[in-house]
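Novice: what's the 3D shape of this:
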Amino acid sequence: MCHFFANQDPDSYAFETRSLRLNGQSTSIRLEKIFWQRLEAIAEQFGVKLPRFISSLHQEILLLRGEVPNFTSHLRCICIVAQEDSRLDRREAKRAA
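Specialist: This next block holds a predicted model:
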């Protein structure tokens with residue numbers, strides 16, 4: 001098991017900072033590259049570019065909660081939830097087949 005984690009490409013967990021606009025304000029978000037890659041894939045599934053996807057997520061949580069205490073953590077959690085959902089979808093498809 002340790003080899004699985006130890007052999008991971010260090011570039012995948014290197015930080016990358018990206019600048020974008022959220023609700024008209026310029027900001028920057030710092031995430032590990034692997035999360036940026038996953039967010040780009042999720043945005044593509046929704047047919048939008050990553051900045052628009054992230055801005056929509058930010059707007060949704062503002063409307064729901066009224067504040068965004070740790071948006072970068074929220075983005076990481078979205079990646080994990082999306083990964084779990086896709087696994088569940090594949091399992092259900094296999095059972096149905």
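Novice: only C-alpha atoms for contact and neighbour calcs from this point on.
Specialist: Fine.
Novice: by mean pLDDT, point me to the weakest helix or strand of the protein.
Specialist: Using mean pLDDT, DSSP states H and E, the weakest-scoring helix or strand in the chain turns out to be helix 2-6, at a mean of 71.
Novice: state the next helix or strand along the chain beyond that one.
Specialist: Using DSSP states H and E, the helix or strand that directly follows helix 2-6 along the chain is strand 15-22.
Novice: contacting residues around stretch 41-56?
Specialist: 20-23, 39-40, 82 (C-alpha atoms under 8 Å, 6 or more residues apart in numbering).
Novice: mind listing the helices for this structure?
Specialist: Assigned by DSSP state H, the helices in the chain fall at 2-6, 33-45, 50-65, 71-96.
Novice: can you list the buried residues in the second one?
Specialist: Neighbour-count burial for helix 33-45, with 16 or more other C-alpha atoms under 10 Å as criterion, is recorded at 33-36, 38-40, 42-43.
Novice: so where's the protein shaky on pLDDT?
Specialist: Within the chain, the set of residues satisfying pLDDT under 70 comprises 1-2, 4, 88-97.
Novice: residues near Cys79, how many?
Specialist: Number of residues near Cys79 (other C-alpha atoms under 10 Å) recorded here: 20.
Novice: quick one: contacts for it?
Specialist: By C-alpha under 8 Å, 6+ apart, the contact list for Cys79 reads 35, 38-39.
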